[in-house]
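Asker: Let me see the structure of the following:
(one chain, ligands or ions: 1)
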Amino acid sequence: MCGIVGYLGGRQAAPILLEGLQKLEYRGYDSAGIAVIQNNAIEILKKSGKLAQLRAQMNGYMPESTAGIGHTRWATHGRPNDVNAHPHLDCQGRFAVVHNGIIENYLTLREWLISQGHVFRSETDTEVLPHLLEEFYMGDMVETIQRVIKKVDGSYAMVALALDEPNRLVAARHDSPLVVGLGEGENFLASDIPALLKHTRETYILEDGEIAVLTRQDVEVLDHSGRRVDKKVFHVKWEAAQAEKGGYDHFMLKEIHEQPRALKDTLSGRIAQDGSRVILNEINIPQEQLQQINKVVITACGTAFHAGLVGKNVIETLAGIPVEADIASELRYRNPLIDANSLVIVISQSGETADTLAALREAKRKGARVIAVTNVVDSSVAREADDVLYTWAGPEIAVASTKAYITQLLSMYLLGLYLAQNRGTLKDREIAQIITDLRKLPDKVASILENGTNIKEFVREHCNCENAFFIGRGLDYAVAMEGSLKLKEISYIHAEAYAAGELKHGTLALIVKDVPVVALVTQQALYDKTVSNIKEVKAREATVLAVATRGLEEVSKVADEVLYIPRTHQMLTPILAVVPLQLLAYYMAVSRGCDVDQPRNLAKSVTVE
Ligand code: F6R
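Answerer: Below you'll find the model as predicted:
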């Protein structure tokens, strides 16, 4: 998830581009760069690190130009260094491109372009784009971009600057956001509205498959077949601060709504085209070592640990290997039984959590193979692990983790399937079925988000409660733990999660009239048992909100309210069931007037023990 900008007008481009990038730094800040046309050449200024590093390098210098593009990077393919920073150029420096997204077939394209004589400088997927432009350019940028996008698979929002056409900017989008800002004698492009607001509130929001052709006086939008689209002008009413949250009141809500996209990006390029198997090119465990693994240990903190609890269940079921899930701050001090035949999976959004890093080091010291599942390229856990599976959630700003968690869950399924494939523990048909269902999850999460309003009623009735309980069995128990953590950390309501069958061993003493109990009921095989537990708390006059899979409608006879999630493979329900719980926590916190994005006493990256 990067930020891109473009400007074509009568003013100096460089300061406008830099200001725009500043507004987009929430999308990533691994490097920043701009490209402008000056003295009949494309001049590139770029630097790793935040925009401030680029400004420091420029030391007040501003190139003289009225046309340019810019980029702030959140590294995906290639380390966050100067060379991999955007914009990227073709061999002769005639085309500059900024890109947000992932070109999935870049390796094939890169090999082909090299065979045609192109010379690559960076490790990025993006660099294929300027070389493709160079390869196909016949005097018209629009035709060339149309040809290029037919060649690329994956997601992109891109803007190209061509030396031969200094009075045009051409941009295209597929699965990554891009907005045109409409000015007087000048026009703008940006990944998001905050970068435009200083200059204009009149915009075109580009749709997938559209190409925007900017001149100083005009903006033409074409569809995928080259027909002119009659775009409606979208007038932005939000204030600048709100716009950084994409119109949402809080980053947390924005990030909850980004989950379908985060899931898509994390799946992208990791499933064979025919859907028969997962492909994890980033995991390079030798076949012999894979066969010798006799134990998996998953370690992490907080929400990431909750993803690990789901991972334990999933990997044991799919790959038939015993799995331990342990909190990193516990594992590091308990002399765990880990050796060269252990596979250790560390999960960390930030990749910098002190306890997780220490657990990783302990595992390595004991000779284990370590896979890191992390959201931040080149983070400490990414650098120190043997293999890294990146979650492409994009930068998470709210302290309470949502979109990172859901992509961590997805990573557990990918790793479970990967191990199952390599150890032959599942039939091809079973793998293909799970993959089919995995691919449908982004749309199913989107459908839950569209129906989020039912939760608000429950929130109104219970936002003044002091205690809440979450119950579930099996995978539902792991999700209950995450639901309970979300609620307590942002709304300050005391919340506890229990394995539903465990209530009667003590906790039932706390269940009194009107106490809210959130019951997860997504596991068909455990349905009757969980329903009995709901009856137990109902007998003590608790109010029960059930989160249940469609098809288990009978639960409405015992629960006070039911939020339904779409049907999916029984093992995949955590990805759907957590969404209503995130929304519940969010709306509870809002109605209690809490600081949702920055709850008291907490920090996003916990780099101390
Ligand atoms: C809760 C939350 C934390 C983190 C934990 C680990 O919403 O975000 O519990 O999950 O601090 O952080 P990472 O994943 O960065 O290692």
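Asker: which residues touch the longest helix anywhere in the chain?
Answerer: The longest helix of the chain (DSSP state H) is helix 428-450. With contact meaning Cβ atoms under 8 Å, 6 or more residues apart in numbering, helix 428-450 is reached by 256-257, 259-261, 263-264, 267, 271, 275-278, 318, 406, 410, 413, 417, 420-421, 565-566, 568-569, 571-572, 575-576, 579-580, 583. C-beta coordinates here come from the backbone N, C-alpha and C atoms, glycine included.
Asker: Okay, and which of these map to strands?
Answerer: Within these, residues falling in strands by DSSP state E are I565.
Asker: Kindly supply the ChimeraX command isolating those of the contacts of helix 428-450 that are buried.
Answerer: If you want just the buried ones from the contacts of helix 428-450 in ChimeraX, going by 16 or more other Cβ atoms under 10 Å, the selection is:
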select :256,257,259,260,261,263,264,267,271,277,278,318,406,410,413,417,420,421,565,566,568,569,571,572,575,576,579,580,583
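Asker: Identify the residues contacting the residue in the chain that the ligand sits nearest to.
Answerer: Proximity to the ligand, evaluated over the chain using Cβ to the nearest ligand atom, is greatest for G302 at 1.9 Å. Residues in contact with G302 (Cβ under 8 Å, 6+ apart) are S401, L485.
Asker: Need the pLDDT of it.
Answerer: Here, the pLDDT recorded for G302 equals 98.
Asker: if we can go back for a sec, buried residues of the longest helix of the chain, list them for me.
Answerer: Using 16+ other Cβ under 10 Å as the test for burial, helix 428-450 gives I431, A432, I434, I435, D437, L438, L441, P442, K444, V445, I448, L449.
Asker: Let me know whether stretch 496-505 sits next to the ligand.
Answerer: No. Judged by Cβ under 6 Å from any ligand atom, stretch 496-505 stays clear of the ligand, getting no closer than 13.7 Å.
Asker: And the strands in the stretch 101-250 of the chain, which stretches?
Answerer: Counting by DSSP state E, counting those that start in this stretch, the stretch 101-250 of the chain has strands at residues 154-162, 169-174, 179-182, 187-190, 202-205, 211-214, 219-222, 234-235.
Asker: Who are the packing partners of the shortest one?
Answerer: This means strand 234-235. In this structure, strand 234-235 makes packing contacts with strand 202-205, judged by 3 or more Cβ pairs under 8 Å, 6 or more residues apart in numbering; DSSP states H and E.
Asker: what's the distance between the residue nearest to S31 when sequence neighbours are not counted and I103?
Answerer: Ranked by Cβ to Cβ, 6 or more residues apart in numbering and with sequence neighbours excluded, the top spatial neighbour of S31 is A85, at 3.5 Å. Using Cβ to Cβ, to the nearest Å, A85 is found at 17 Å from I103.
Asker: Can you get me a residue count around T549?
Answerer: By the criterion of other Cβ atoms under 10 Å, T549 has 22 neighbours.
Asker: Who are the contact partners of it?
Answerer: T549 neighbours (Cβ under 8 Å, 6+ apart): V521, T522, Q524, Y564, I565, P566, R567, T568, T573, L576.
Asker: Now tabulate the residues you listed in a markdown table and tack on pLDDT and distance to H131.
Answerer: Shown next, in a markdown table, are the contacts of T549 (pLDDT from 0 to 100; distance: Cβ to Cβ, whole Å):
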| residue | pLDDT | distance to H131 |
| --- | --- | --- |
| V521 | 98 | 53 |
| T522 | 97 | 48 |
| Q524 | 91 | 52 |
| Y564 | 95 | 49 |
| I565 | 96 | 45 |
| P566 | 96 | 42 |
| R567 | 97 | 45 |
| T568 | 97 | 41 |
| T573 | 98 | 44 |
| L576 | 98 | 41 |
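Asker: which one of those is nearest G394?
Answerer: Proximity of these to G394 was ranked by Cβ to Cβ; the top entry is L576 with 20.4 Å.
Asker: Report the separation between that closest one and K486.
Answerer: 15 Å.
Asker: same deal with R369?
Answerer: R369 is 32 Å from K486, by Cβ to Cβ.
Asker: any idea how far the spatially most central residue of the chain lies from R261?
Answerer: Compute the mean C-alpha point of the chain, and by Cα atoms, centre = their mean the closest residue is A393, 1.2 Å away. Distance of A393 to R261, computed by Cβ to Cβ: 9 Å.
Asker: now T356
Answerer: 26 Å.
Asker: who's sitting farthest from the centroid in this protein?
Answerer: Computed with Cα atoms, centre = their mean, the most peripheral residue in the chain is A539, at 41.7 Å.
Asker: and S379, how many residues sit next to it?
Answerer: So S379, with other Cβ under 10 Å, has 22 neighbours.
Asker: for it, what are its contacts?
Answerer: S348, S350, G351, E352.
Asker: what number of residues lie near the closest residue to S348 other than its chain neighbours?
Answerer: Distances taken as Cβ to Cβ, 6+ apart place T356 nearest to S348, at 4.6 Å, with adjacent residues excluded. Neighbourhood size, T356 [other Cβ under 10 Å]: 31.
Asker: which element follows the helix or strand that contains T356 toward the C-terminus?
Answerer: Per DSSP states H and E, T356 falls inside helix 354-365. Note on helix 354-365: by DSSP H and E, the next helix or strand toward the C-terminus is strand 369-374.
Asker: Run the chain-centre distance for that following strand.
Answerer: Taking Cα atoms, centre = their mean, to the nearest Å, the mean C-alpha location of strand 369-374 is offset from the chain mean by 18 Å.
Asker: Tell me the buried residues in stretch 549-557?
Answerer: So, applying 16+ other Cβ under 10 Å, buried residues of stretch 549-557: T549, L552, V555.
Asker: Just the mean pLDDT for that stretch, thanks.
Answerer: Mean predicted lDDT for stretch 549-557 stands at 93.
Asker: same question, stretch 465-472
Answerer: Stretch 465-472 comes out at a mean pLDDT of 97.
Asker: which outside residues touch that stretch?
Answerer: 462, 477-481, 483-484, 487, 493-500, 503, 507, 510-511, 514-522, 530, 533-534, 537, 542, 581.
Asker: which is the next helix or strand following the strand or helix carrying A56?
Answerer: Here A56 sits within helix 51-58, counting by DSSP H and E. Using DSSP H and E, the next helix or strand after helix 51-58 towards the C-terminus is strand 67-73.
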